[in-house]
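Undergrad: Here is my input, please return the structure:
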Amino acid sequence: MRRYRLWLVVGTVIALTWTVWIARDALFPFAIGLIIAYLLEPIVNRVQRVIPEVGILKAIRRTLAVVIVYGVAIGIAGMAVYSFGTQVAHETVDLIENMPDYADTARLEFKAWNDWYVDTVPPDVRERIEANLDEATSILTAAIRTTLLATVGTVQRAIGLMASLALLPLWIFYLLKDQGKAFDFFYRIWPKPIEQDVRNIVSIVDGVLGSYIRGQLFLGFVVGVVTLIGLYVLDIAYAAPLAIVAGIFEMVPILGPWLSFIAAAIVVLATDPGKIWIVAILFLAIQQLENTFLVPKIQGDAVDLNPAIIMVLLVVGGTLFGILGVVAIVPLAAIGRDIFVYVYNRLTEEAHSGVELHTHSDHPGPGN
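TA: This next block holds a predicted model:
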């Protein structure tokens, strides 16, 4: 009977996963909401622990904690929009409208450089330089092609679903409020002999995914702020939208800084080409500081993957699933690795004899 129950649970999980995958375009806004809830959940838990378990507060601690966090988050977002939203929105719309003309101007500027390069550099030297550049940029080119060209339809469908974002506040509220009950039910449906293993696997997923998401958002925030300051100091047009682009592209490992520099280079070449070299130095300095001080600590703690492996994963993820694959492939690979190690250890004689297992995540999973 236990075997049939296990197969029932596994079959249901597979069916739900398949359904979510088929309806992934329609569920895109809820994926955003899930990430937001995931980020707010530790804060809600801390606020809940501060609220005393006395009288009526004992019954509404979780709801009250969610309301408090919601109020503070909405207040901060409202102040940010009121203070900077109008200017940033105006600059962003203006940049989008002028981007085709800027791209044409940047292309002409680049053509002038290329003509100078052809006329000045000897042919044999050009051949060696171009061969080395082709070899160094092959992976980058393949990744950009697969992530930008193969996913236009996905981006367009996502824009068409923006109206459903109005449901997110209410959905996130109930997700945060009933998160503990949902995980308790999820754990109870598994057979008792493997319930603890399910909890451990969820803990592994929560540890890697939580560290990675929070780390990438922190990197995006830092890179966006530093880029904004640097572009403002250099008096570059559309500094705020370009800084936002830099922060968003930081979500894409390895390739993100290059993509954000390409966007900035197009604008600079079209508006103030004399500053292109200082802007290139700015982006290079930001990337070096990031790779030296932030990435080793943040991404190392989260995924612990070699950069060469990450680059291969990005190409595979972009080829198979487009931009979503590029963003998700690294944490999914780290999660798959840690789950494999855990299951492998559980199937060994040492694991069954009670030897403590060491996984990539040491903190309790959601719902604990």
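Undergrad: for the closest residue to residue 278 other than its chain neighbours, what are its contacts?
TA: In space, residue 278 comes closest to residue 234 once its chain neighbours are excluded; the distance is 6.2 Å by Cβ to Cβ, 6 or more residues apart in numbering. C-betas here are computed from N, CA, C, even on glycine. Residue 234 sits next to 275, 278-279, 282 when contact means Cβ atoms under 8 Å, 6 or more residues apart in numbering.
Undergrad: are any of those buried, and which?
TA: Buried positions within the contacts of residue 234, assessed by neighbour count (16 or more other Cβ atoms under 10 Å), are 275, 279, 282.
Undergrad: Out of those, the closest to residue 62 would be?
TA: When the buried ones among the contacts of residue 234 are compared for distance to residue 62 (Cβ to Cβ), residue 282 wins out at 45.8 Å.
Undergrad: three-state assignment of the residue nearest the centre of the chain?
TA: For the chain, the residue nearest the mean C-alpha position is residue 251 (4.1 Å; Cα atoms, centre = their mean). Residue 251 falls in the coil class when you classify it by DSSP: H, G, I helix; E, B strand; the rest coil.
Undergrad: Distance-wise, check it relative to residue 336.
TA: Using Cβ to Cβ, to the nearest Å, residue 251 is found at 20 Å from residue 336.
Undergrad: same check, this time on residue 177
TA: On the measure of Cβ to Cβ, residue 177 and residue 336 end up 31 Å apart.
Undergrad: Quick check: next helix or strand after the stretch of helix or strand residue 44 belongs to?
TA: Here residue 44, judged by DSSP states H and E, is contained in helix 28-50. Sequence order places helix 57-80 as the next helix or strand after helix 28-50, per DSSP H and E.
Undergrad: What ranges does the stretch 201-350 of the chain have for its helices?
TA: Assigned by DSSP state H, counting those that start in this stretch, the stretch 201-350 of the chain shows helices spanning 239-249, 256-271, 276-289, 295-302, 307-346, 349-352.
Undergrad: Make JSON lines out of those helices and add mean pLDDT.
TA: Output for the helices of the stretch 201-350 of the chain, formatted as JSON lines (pLDDT from 0 to 100):
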{"stretch": "helix 239-249", "mean pLDDT": "88"}
{"stretch": "helix 256-271", "mean pLDDT": "85"}
{"stretch": "helix 276-289", "mean pLDDT": "89"}
{"stretch": "helix 295-302", "mean pLDDT": "68"}
{"stretch": "helix 307-346", "mean pLDDT": "83"}
{"stretch": "helix 349-352", "mean pLDDT": "55"}
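Undergrad: For residue 33, which of these is the nearest?
TA: Among the helices of the stretch 201-350 of the chain, helix 307-346 sits nearest to residue 33 (Cβ to Cβ), with 15.9 Å.
Undergrad: what helices or strands is the closest one leaning on?
TA: With contacts taken as 3 or more Cβ pairs under 8 Å, 6 or more residues apart in numbering; DSSP states H and E, helix 307-346 sits against helix 123-144, helix 152-160, helix 192-233.
Undergrad: among those helices, where is the model least confident on average?
TA: Here the lowest mean pLDDT among these goes to helix 152-160, at a mean of 45.
Undergrad: Just the C-alpha atoms of the next helix-or-strand element following that one, please, in PDB.
TA: Along the chain past helix 152-160, the next helix or strand (assigned with DSSP H and E) turns out to be helix 168-177. The C-alpha coordinates for helix 168-177 follow below in PDB (Å, rounded to 0.1, in the frame of the first residue of the first chain):
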ATOM      1  CA  LEU A 168       0.000  39.700  -7.500                       C
ATOM      2  CA  PRO A 169      -0.400  41.700  -4.200                       C
ATOM      3  CA  LEU A 170      -3.300  39.500  -3.100                       C
ATOM      4  CA  TRP A 171      -1.700  36.300  -4.300                       C
ATOM      5  CA  ILE A 172       1.600  37.100  -2.500                       C
ATOM      6  CA  PHE A 173      -0.300  38.000   0.700                       C
ATOM      7  CA  TYR A 174      -2.000  34.600   0.900                       C
ATOM      8  CA  LEU A 175       1.200  32.800  -0.200                       C
ATOM      9  CA  LEU A 176       3.100  34.400   2.700                       C
ATOM     10  CA  LYS A 177       0.200  34.000   5.200                       C
END
